[in-house]
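Asks: here is a sequence together with a model predicted from it:
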Amino acid sequence: MILAKVVGECVATRKHASHEGRKLLLVQPLDLNGQEHDQPLLALDAVDAGEGDTVVVVQEGFSAMTAVERPNAPIDAAVVGVLDHLTLNG
Amino acid sequence: MILAKVVGECVATRKHASHEGRKLLLVQPLDLNGQEHDQPLLALDAVDAGEGDTVVVVQEGFSAMTAVERPNAPIDAAVVGVLDHLTLNG
Amino acid sequence: MILAKVVGECVATRKHASHEGRKLLLVQPLDLNGQEHDQPLLALDAVDAGEGDTVVVVQEGFSAMTAVERPNAPIDAAVVGVLDHLTLNG
Amino acid sequence: MILAKVVGECVATRKHASHEGRKLLLVQPLDLNGQEHDQPLLALDAVDAGEGDTVVVVQEGFSAMTAVERPNAPIDAAVVGVLDHLTLNG
Amino acid sequence: MILAKVVGECVATRKHASHEGRKLLLVQPLDLNGQEHDQPLLALDAVDAGEGDTVVVVQEGFSAMTAVERPNAPIDAAVVGVLDHLTLNG
């Protein structure tokens, strides 16, 4: 899993039926200092995350399908947690 | 999933039988500003996308096979949505 | 698998039920010289690792679920070993 | 899948039995301009590709095993097509 | 699969039971010129490879588990061949 920030939401009318009824969030990976790095990815929302939230994103097919309860769908990433806080080493 | 732009189509006569009858699209990943980044990849088309479209690409085997309805085929990426619009924070 | 250092722990109250009761560790990949490189990732703990430990991290869905004994959960990485020592070539 | 060029062939006498009888090709990923980029990878050949061919490479375990018809083998990449031509946008 | 050089061995007393009895090798990816590149990874040994060998590494869960004959274990990479020689294009 990675830490990421929800930076937007994606709307697609022409899409696979299994994506209906779930928000497709645009998330930006974060580094240890909370800075954005790397490139954004799209993840279906499993925990009602919203824009600005720091979230836990799972990046594996079976995991993502399980998280959004659509076991035979083309989904490879999902938001599975919303961060409360992070404890870093002294 | 990632956001990408369809930049071309690939024609291969000598290929695995499971790829017959589906467009093999060349797609270029996009960043938050809509700029191309990273390297292109090939994805089978599940939503009748065309060149120039901004699309949602799934990058996982089972997902891709499911999207194009060929469950036992060597396919690791598929175009599963065409973007209408993207809402970005603030 | 990769070598990584445990650098923190992540607390999320709103999360997938399958993540309950396991530490979600923030780990930083290490290179051959023990220097941190690349970006951190989140892994569920299967061997009671703690902050500062050098650990072995598996990065694959089925593997991670098996390690933490939650076979149908959205988990794509787990800490599966704590390093004692590393023997490098002369 | 990615576009790549076949740049060599790998010979290993001590190897997993499932790799017997298939060419293990060294392939180099290509960018949109046909330039080599990134690092080479090894893929089993499913379409009788040869050195110098521009090929379609699938990079996922089940897909690769299916392509070379060895379903329970340690194979994570296979050459599944030989490119005839590529149509690029305007 | 990738080409890599075995550069060390990793010893972990606290580890997942499925890793017992197999060498956990530290391997460094190689480029076309035999130069080391990218970051090292850990792979279980399936072909009795030793330090200094140039090897074929599979990087996928099911493949790796199959190679070391431990089908329900948290293993995402294995050494599946030892290179004899590589034929490169003229």
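Replies: Everything's here; your move.

Asks: show me the contacts for residue A:75.
Replies: A:18-19, A:44, A:61, A:64-65, A:68, B:1, B:58, B:63 (Cβ atoms under 8 Å, 6 or more residues apart in numbering or on different chains). All C-beta atoms are positioned from the backbone trio N, CA, C, and that covers glycine.

Asks: show me the helices in chain A, by range?
Replies: If DSSP state H is used as the criterion, the helices of chain A fall at A:61-67.

Asks: would you pull up the residue in it closest to chain E?
Replies: residue A:60 (9.7 Å; Cβ to the nearest Cβ).

Asks: separation between that residue and residue D:73?
Replies: Separation of residue A:60 from residue D:73 (Cβ to Cβ, to the nearest Å): 22 Å.

Asks: which parts of stretch A:8-18 are buried?
Replies: Using 16 or more other Cβ atoms under 10 Å in any protein chain shown as the test for burial, stretch A:8-18 gives A:8-10, A:12, A:15-16, A:18.

Asks: is any residue of it near chain C?
Replies: No: Stretch A:8-18 stays clear of chain C (Cβ under 8 Å from any Cβ of the partner chain), getting no nearer than 15.9 Å.

Asks: is chain B contacted by that stretch?
Replies: Yes: under the criterion of Cβ under 8 Å from any Cβ, chain B is reached by stretch A:8-18 at A:8-16.

Asks: out of those, which sit inside strands?
Replies: A:8-11, A:14-15 (DSSP state E).

Asks: can you list these in a markdown table and add pLDDT?
Replies: Listed next are those as a markdown table, based on pLDDT from 0 to 100:
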| residue | pLDDT |
| --- | --- |
| A:8 | 94 |
| A:9 | 94 |
| A:10 | 93 |
| A:11 | 90 |
| A:14 | 87 |
| A:15 | 87 |
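
Asks: measure the residue positioned nearest the centre of chain A to residue C:78 for me?
Replies: By Cα atoms, centre = their mean, chain A has its centre lying nearest to residue A:79, at 3.2 Å. Distance from residue A:79 to residue C:78, counting by Cβ to Cβ: 19 Å.

Asks: find the nearest non-adjacent residue to residue A:58, please.
Replies: residue C:74 (4.6 Å; Cβ to Cβ, 6 or more residues apart in numbering or on different chains).

Asks: just to revisit the earlier point, and the contacts of residue A:75 as a markdown table, adding pLDDT?
Replies: Below are those laid out as a markdown table (pLDDT from 0 to 100):
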| residue | pLDDT |
| --- | --- |
| A:18 | 86 |
| A:19 | 88 |
| A:44 | 96 |
| A:61 | 93 |
| A:64 | 94 |
| A:65 | 94 |
| A:68 | 93 |
| B:1 | 96 |
| B:58 | 97 |
| B:63 | 93 |
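
Asks: and the strands in chain A, which stretches?
Replies: Counting by DSSP E, the strands of chain A are A:2-11, A:14-15, A:24-29, A:41-45, A:54-58, A:78-82, A:85-88.

Asks: list just the one of those that sits closest to residue B:36.
Replies: Using Cβ to Cβ as the measure, strand A:41-45 is the one of the strands of chain A that comes nearest residue B:36, at 15.7 Å.

Asks: what strands flank that closest one, and is each parallel or antiparallel?
Replies: The sheet places strand A:41-45 alongside strand A:24-29 (antiparallel), strand A:78-82 (parallel), with pairing taken from DSSP bridges.

Asks: for these, which one ends up most surrounded?
Replies: strand A:78-82 (a mean of 27; mean count of other Cβ atoms under 10 Å in any protein chain shown).

Asks: so what touches that strand?
Replies: Outside strand A:78-82, the residues touching it (Cβ under 8 Å, 6+ apart) are A:1, A:6, A:25, A:27, A:43-47, A:49, A:53-58, A:63-64, A:67-68, C:12-16, C:19, C:24, C:74.

Asks: in a markdown table: the strands paired with strand A:41-45, plus mean pLDDT.
Replies: Converted to a markdown table, the strands paired with strand A:41-45 look like this (pLDDT from 0 to 100):
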| stretch | mean pLDDT |
| --- | --- |
| strand A:24-29 | 96 |
| strand A:78-82 | 96 |
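
Asks: got these as a markdown table, with distance to residue C:35 columns?
Replies: Below are the strands paired with strand A:41-45 laid out as a markdown table (distance: least, Cβ to Cβ, whole Å):
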| stretch | distance to residue C:35 |
| --- | --- |
| strand A:24-29 | 21 |
| strand A:78-82 | 29 |
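
Asks: before we move on, the earlier item: out of the contacts of residue A:75, which are buried?
Replies: A:18-19, A:44, A:61, A:64-65, A:68, B:1, B:58, B:63.

Asks: which pair in those has the greatest spatial separation?
Replies: Largest pairwise distance in the buried ones among the contacts of residue A:75, by Cβ to Cβ, is 14.0 Å, between A:19 and A:61.

Asks: appreciated, that's everything.
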